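1. task: produce atomic coordinates for the following.
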Amino acid sequence: MFSGISVEDFQCEICELAKHKRVSFLINSERTTNPFNLINSNIWGPAEVPNVSGSRWFVTFIDDYSRVTWVFLLKNKSDLSQVILEFFTMIKTQFGVNIKRFRSDNAPDYFNHMLTHFFKKEGIIHKSSCVNTPQQNGIAERKNWHLDTTRSFLLQNEVPENYWGEAILAATYLINRLPTRILGFKSPLEVLRENFPFLRISNGLTPRIFGCICFVHINSGDRSKLYSRALKCVFVGYSSTQKGYKCYQPLMKLNNILLRRRRSYQRKVTMMILI
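-> All right, here's what the predicted structure looks like:
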């Protein structure tokens, strides 16, 4: 009776309403052929505990070709527009290329008047995912999972939660320098350097364990002869503008007070001797 008839030939509206299922998403293995042809972005937050800098959100920018990731901490969600404009200007200045396409989710923060006008003026195509479809912005969404290593950073050495922003920046620093299977076991910065030979991958700093104990040297001009020559600190990341580490010294204020009192006491003793 049903020979030569396929299931697709039966169009039943009641079955569609009662048994409708979402079509599975196909795996997209395509990559752009040049750096900065496509930037994937996503905003995360708000965090329950603000970072020490006061930030509660962060935004990621991932180059689709090299998978190099940039992370910016945000104190307010409304700062997103200004950060995107500054990021586009930085790419144009440092690499001499214009970003052609920009992909984000359907969050309204990406569709304000400032960004819409900027994209039209610069000829940038803004591609966004459909409503309740984060899979279409999969690269940026999976990068958030990758940055979940932040939790491990905080737990390993029992670092307080309000240092989550520093941990995310440290994780991004390492991820950009670690080989990955997607890039043929090359690091994202290595792939980017193939197109921009002037790019420096290493700044000469030895990677450290986040939250480990470290000792920061005190210059001779900032201490007395009998004062400690180093401060006991906690390593909290890598500086983005200097060739150095970021270290936190919990007792820094107390040490400075004691140092000032010691110097004041030495001056008083010297004056008494002279008298």
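2. just the CA trace of whichever strand or helix holds residue 72, in PDB.
-> Taking DSSP states H and E as the criterion, residue 72 maps to strand 69-74. The C-alpha coordinates for strand 69-74 follow below in PDB (Å, rounded to 0.1, in the frame of the first residue of the first chain):
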ATOM      1  CA  THR A  69      42.800  35.500  21.600                       C
ATOM      2  CA  TRP A  70      42.600  38.900  23.200                       C
ATOM      3  CA  VAL A  71      40.700  39.400  26.500                       C
ATOM      4  CA  PHE A  72      39.700  42.800  27.900                       C
ATOM      5  CA  LEU A  73      38.200  43.200  31.400                       C
ATOM      6  CA  LEU A  74      35.100  45.500  31.700                       C
END
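3. what are the buried residues along the helix or strand just after it?
-> Next along the chain after strand 69-74, taking DSSP H and E as the criterion, comes helix 80-95. Residues 80, 81, 83, 84, 87, 88, 91, 95 are the ones in helix 80-95 that count as buried (16 or more other C-beta atoms under 10 Å). All C-beta atoms are positioned from the backbone trio N, CA, C, and that covers glycine.
4. same check on stretch 160-176?
-> Using 16+ other C-beta under 10 Å as the burial criterion, the residues of stretch 160-176 that qualify are 163-173, 175-176.
5. what does that stretch contact?
-> For stretch 160-176, contacts defined as C-beta atoms under 8 Å, 6 or more residues apart in numbering pick out 47, 49-53, 55, 58, 68-71, 73, 146-147, 149-150, 153-154, 159, 187-189, 207, 210, 236-238, 240, 246, 248.
6. tally of neighbours for residue 146?
-> Residue 146 is flanked by 16 other residues according to other C-beta atoms under 10 Å.
7. before we move on, back to that, out of the contacts of stretch 160-176, which end up buried?
-> Buried among the contacts of stretch 160-176 by 16+ other C-beta under 10 Å: 47, 51, 55, 58, 68-71, 73, 146-147, 149-150, 153-154, 159, 187-189, 210, 236-238, 246, 248.
8. which residues of the protein score low on pLDDT?
-> The chain contains residues with pLDDT under 70 at 1-2, 5, 7-10, 25, 27-30, 251-275.
9. in it, which residue is most central in space?
-> In the chain, the residue lying closest to the centroid (C-alpha atoms, centre = their mean) is residue 71, at 2.4 Å.
10. quick one: that one and residue 55 touch, right?
-> No - judged on C-beta atoms under 8 Å, residue 71 makes no contact with residue 55 at a distance of 10.8 Å.
11. and for those two, which residues touch both?
-> Joint contacts of residue 71 and residue 55 (C-beta under 8 Å, 6+ apart) do not exist.
12. on that earlier part again, next, format the buried residues of helix 80-95 as a markdown table and append distance to residue 111.
-> Shown next, in a markdown table, are the buried residues of helix 80-95 (distance: C-beta to C-beta, whole Å):
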| residue | distance to residue 111 |
| --- | --- |
| 80 | 11 |
| 81 | 10 |
| 83 | 16 |
| 84 | 12 |
| 87 | 17 |
| 88 | 16 |
| 91 | 21 |
| 95 | 27 |
